[in-house]
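>>> next input, structure requested:
(2 chains)
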There are 2 protein chains.
Amino acid sequence: MKKYQVVGIGNAMVDVLARAEDAFLAEAGVEKGIMQLIDMDRAVDLYGRVGPAQEVSGGSAANTIAGIAHLGGRTAYVGKVKDDQLGAIFAHDLRAQGADYATRMAPKTEEAETGRCIVIVTPDGERSMNTYLGVTEFLSPDDIDPAQMADAEWIYLEGYRFDGPDSHAAFAKAIAACKGAGGRVSITLSDPFCIERHRDAFRDMIRDHVDLLFCNRAEMLSMYQTDDFDAALAQAAAHVGIIACTDSADGVHVLSDGQRWHVPAVPTQIVDATGAGDLFAGAFLWGLTNGYDLETCGKMGNLAASEVISHIGARPQADLMAMFRDQGLV
Amino acid sequence: MKKYQVVGIGNAMVDVLARAEDAFLAEAGVEKGIMQLIDMDRAVDLYGRVGPAQEVSGGSAANTIAGIAHLGGRTAYVGKVKDDQLGAIFAHDLRAQGADYATRMAPKTEEAETGRCIVIVTPDGERSMNTYLGVTEFLSPDDIDPAQMADAEWIYLEGYRFDGPDSHAAFAKAIAACKGAGGRVSITLSDPFCIERHRDAFRDMIRDHVDLLFCNRAEMLSMYQTDDFDAALAQAAAHVGIIACTDSADGVHVLSDGQRWHVPAVPTQIVDATGAGDLFAGAFLWGLTNGYDLETCGKMGNLAASEVISHIGARPQADLMAMFRDQGLV
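Below is the predicted model:
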């Protein structure tokens, strides 16, 4: 048995969650519902304009790994923080959830700080993300331990990390080590604008290496530059063994081996949409690596997503396993 | 008109909120429901043992001032943080709420860090607080601006700050400046064990300077070393113009000028009791400085307390003024 069911690699972030009306987004020049990269000056300016906030550990793949750990899965995370207070918070929360986390911290002398994402949550629960990458930008092949990747049934790569040139090489190193030891590769496309920035790199990776693709409808359409959702799914399915493509309130489409399932979403009052896709992936991967069929994995993913959007913060607060039990999934 | 309705002085803190079962408290040596002072080693040890947490600005008097600012009151806060990430979070959240906050930060070179309180919330909503004071311990007379105190209708002193010798002198300086300009002095007793540590100093201050005393039943009994609640209230009333003594689910007793009112609590599902007394005081002071009668101030206090215990974190999330309006208080 491999030590890890899933090892995730991504942007290590602390989320700074603030509520605001829609009018604020326009005034502050924040695009609604997507992730925008910002520099430290903009981060300071924007932080100065938002109301009182709360800080919770985030990072897309880190949320996924926290979800797997929460469910009792054997899991680890790779992503870079600095040896500062926010870095300590990030590391604590992941380890306290039960995930292994040993990425070398950037030293105190480093000028950049631990990455943070100013998440502005509007009354409809939609989140508009403003990401200062900080030291997480510097994730490089040196941060990848091939032995750890070889000891993973699956690795899980965060698309956002395509924004760092050194991280392409880090991903390549992780993939080689994992696949060389019989492991498999999953990826999340993360964001339509991130795909715009790196479409060719994403396509190459999907074609050559990816066994399981997580994305949402907008990302799938952006990936294949089409308005025809089914055509895009078919293109992806030609290269990838399993596809799980979420479609907001419509649930998820799962494709594999010429089969296709549609699993409806779990109706929920949306308080904060942050982490919906991340927790979907976490629960899906937990199900998959515990031998559940793909439709059940989709149900688990939807249920986990419904929990995380029902409260502020992108990591589970309720007992997901109890929810799975209540629904007869486990 | 004075610039400020209320200027608060207290321990500047970021709360680290973690949920745990009661059994954890025993294992970790945490006394339930009270505030315990801990050093940095214990803070690191305890933090390593609690589950994933969330960080929100706290500090007893700071919560009170945040409540007054939230209600649109003219208010300021004095309390010390370091020039570090948690210090920046504390300062941001207070200013973003609309309070003035200009206390000189301890420099980056200072070894101690911004104070934090590891708050362990058990399933009954009770909070057990473990406070690493950090630089907030160093609040001294140099941090008190007499002009600011003279420009306050009321100052509000946090009893917890009696734990710092220099802060007694800081309080004395603030009181002299405030009273010298015709202002008045309110204080919260904060905690029964804090009273144990400094009973004489509290008594002297209550006798000589305090115009409005906030406390709860346990603190009142500890203050006058008796089990007879009414006798304790009578003793306090001999020295203090207004007393607001909360009694958990039983609401609050308000005494002034030989009169006494009992205002029942607002029934609420307790999620996290942190900040109940702080927000009671904030809403009460807002009412008082806006000319409302004492019974109405008590109702405002109870309503604000009910809001803050209905969610994680010690600062208001719902619109308190709308709640006052719904109840016909404003």
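
>>> only C-alpha atoms for contact and neighbour calcs from this point on.
Noted.

>>> which SS state does the residue lying closest to residue A:315 once chain neighbours are set aside fall under?
The shortest distance from residue A:315 to any non-neighbouring residue, by Cα to Cα, 6 or more residues apart in numbering or on different chains, is to residue A:63 (5.8 Å). The local conformation at residue A:63, judged by DSSP: H, G, I helix; E, B strand; the rest coil, is helix.

>>> surely residue A:63 touches residue A:313?
No. Using Cα atoms under 8 Å, residue A:63 is not in contact with residue A:313; the gap is 9.8 Å.

>>> enumerate the residues of chain A near chain B.
A:47-57, A:84-86, A:92-94, A:96-97 (Cα under 8 Å from any Cα of the partner chain).

>>> can you flag the buried ones in those residues?
Neighbour-count burial (16 or more other Cα atoms under 10 Å in any protein chain shown) applied to the residues of chain A next to chain B gives A:47, A:50-57, A:84-86, A:92-94, A:96-97.

>>> how near is the residue nearest to residue A:315 to chain B?
When Cα to the nearest Cα, to the nearest Å is the yardstick, residue A:63 and chain B sit 12 Å from each other.

>>> repeat that for residue A:38.
In terms of Cα to the nearest Cα, residue A:38 sits 18 Å off from chain B.

>>> what's the neighbour count on that residue?
By the criterion of other Cα atoms under 10 Å in any protein chain shown, residue A:38 has 18 neighbours.

>>> distance of residue A:320 relative to residue A:66?
Look at residue A:320 and residue A:66: by Cα to Cα, to the nearest Å, they are 12 Å apart.

>>> repeat for residue A:172
For residue A:172 relative to residue A:66 (Cα to Cα), the value is 24 Å.

>>> between those two, tell me which one has more neighbours.
Between residue A:172 and residue A:66, residue A:66 has the larger neighbour count (other Cα under 10 Å), namely 33 against 15.

>>> so where do the helices sit in the stretch 51-200 of chain A?
In the stretch 51-200 of chain A, the segments counted as helices under DSSP state H, counting those that start in this stretch are A:60-70, A:85-96, A:146-150, A:165-180, A:192-208.

>>> okay, those helices, which one's buried deepest?
helix A:60-70 (a mean of 30; mean count of other Cα atoms under 10 Å in any protein chain shown).

>>> what helices or strands is it leaning on?
strand A:4-9, strand A:75-78, strand A:152-158, helix A:276-289 (3 or more Cα pairs under 8 Å, 6 or more residues apart in numbering or on different chains; DSSP states H and E).

>>> and these as TSV, adding mean neighbour count?
Below are these laid out as TSV (neighbours: other Cα atoms under 10 Å in any protein chain shown):
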stretch	mean neighbour count
strand A:4-9	26
strand A:75-78	26
strand A:152-158	27
helix A:276-289	28
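
>>> of all those, which one comes closest to residue A:217?
helix A:276-289 (11.5 Å; Cα to Cα).

>>> pLDDT averaged over that closest one, what's the number?
Taken as a whole, helix A:276-289 has an average pLDDT of 98.

>>> what's the angle from that helix to strand A:4-9?
Between helix A:276-289 and strand A:4-9, the angle comes out at 150 degrees (axes from the mean of the first three to the mean of the last three Cα atoms, to 10 degrees).

>>> before we move on, back to that, just the pLDDT at the residue nearest to residue A:315, thanks.
On the pLDDT scale, residue A:63 is placed at 98.

>>> could you do residue A:301 as well?
Reported pLDDT for residue A:301: 98.

>>> and the closest residue to it other than its chain neighbours, what is it in contact with?
Counting by Cα to Cα, 6+ apart, the nearest residue to residue A:301 once its immediate chain neighbours are dropped is residue A:280, at 3.8 Å. Going by Cα atoms under 8 Å, 6 or more residues apart in numbering or on different chains, residue A:280 touches A:64, A:298, A:300-305.

>>> ok, now residue A:118?
Contacts of residue A:118 (Cα under 8 Å, 6+ apart): A:15-18, A:43, A:47, A:129-131.

>>> rerun at 7 Å
A:15-17, A:129-131 (Cα atoms under 7 Å, 6 or more residues apart in numbering or on different chains).

>>> beyond the helix or strand containing residue A:298, next helix or strand please.
Secondary structure assignment for residue A:298, by DSSP states H and E: helix A:294-308. Downstream of helix A:294-308, the next assigned helix or strand under DSSP H and E is helix A:320-326.

>>> and the average pLDDT for that next one is what?
On average, helix A:320-326 scores 98.

>>> quick one: buried residues of it?
Going by 16+ other Cα under 10 Å, helix A:320-326 has these buried residues: A:320-321, A:323-324.

>>> looking at the residues you listed, which is nearest residue B:152?
Checking those against residue B:152 by Cα to Cα gives residue A:320 as the nearest, at 50.5 Å.

>>> quick one: that closest one and residue A:304 touch, right?
Yes. Using Cα atoms under 7 Å, residue A:320 is in contact with residue A:304, at 6.4 Å.

>>> ok, for the residue sitting nearest the centre point of chain A, nearest residue in space, not its chain neighbours?
Closest residue to the average C-alpha location of chain A: residue A:60 at 3.0 Å, with Cα atoms, centre = their mean. Closest residue in space to residue A:60, ignoring its immediate chain neighbours: residue A:278 at 5.7 Å, by Cα to Cα, 6+ apart.

>>> ok, now residue A:141?
residue A:170 (4.0 Å).

>>> for the one you found, give its distance to residue A:274.
26 Å.

>>> repeat that for residue A:207.
29 Å.

>>> and what of residue A:183?
Taking Cα to Cα, one finds residue A:183 at 29 Å from residue A:274.

>>> which one of those two is surrounded by more residues?
Using other Cα under 10 Å, the more surrounded residue of residue A:183 and residue A:274 is residue A:274, with 32 against 21.

>>> identify the residues contacting that one.
A:127, A:309, A:313-314.

>>> from those residues, which is closest to residue B:294?
residue A:313 (38.8 Å).

>>> close enough to count as contact, the closest one and residue A:55?
No. Counting by Cα under 7 Å, residue A:313 stays clear of residue A:55, with 8.7 Å between them.

>>> quick one, the helix or strand where residue A:243 lies and helix A:276-289 angle?
Per DSSP H and E, residue A:243 falls inside strand A:242-246. Counting by the same axes, to 10 degrees, strand A:242-246 lies at 150 degrees to helix A:276-289.

>>> strand A:242-246: how far from the chain's middle?
14 Å (Cα atoms, centre = their mean, to the nearest Å).

>>> next SSE after it?
Heading C-terminal from strand A:242-246, the first helix or strand you meet, by DSSP H and E, is strand A:252-256.

>>> that following strand packs against which elements?
If contacts are counted by 3 or more Cα pairs under 7 Å, 6 or more residues apart in numbering or on different chains; DSSP states H and E, strand A:252-256 sits against strand A:242-246, strand A:259-263.

>>> mind listing residues that contact it?
A:241-246, A:260-264, A:298.

>>> pull the number of nearby residues for the residue of the stretch 101-250 of chain A found nearest chain B.
Residue nearest to chain B within the stretch 101-250 of chain A (Cα to the nearest Cα): residue A:113, separated by 9.6 Å. Per other Cα under 10 Å, the neighbour tally for residue A:113 reads 24.

>>> would you check that it makes contact with residue A:132?
No. Under the criterion of Cα under 7 Å, residue A:113 makes no contact with residue A:132, lying 9.1 Å away.

>>> about what we covered before: can you put the contacts of strand A:252-256 in a markdown table and add pLDDT and neighbour count?
Listed next are these as a markdown table, based on pLDDT from 0 to 100; neighbours: other Cα atoms under 10 Å in any protein chain shown:
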| residue | pLDDT | neighbour count |
| --- | --- | --- |
| A:241 | 97 | 15 |
| A:242 | 98 | 22 |
| A:243 | 98 | 25 |
| A:244 | 98 | 27 |
| A:245 | 98 | 24 |
| A:246 | 97 | 29 |
| A:260 | 97 | 15 |
| A:261 | 98 | 14 |
| A:262 | 98 | 17 |
| A:263 | 98 | 20 |
| A:264 | 97 | 17 |
| A:298 | 98 | 31 |
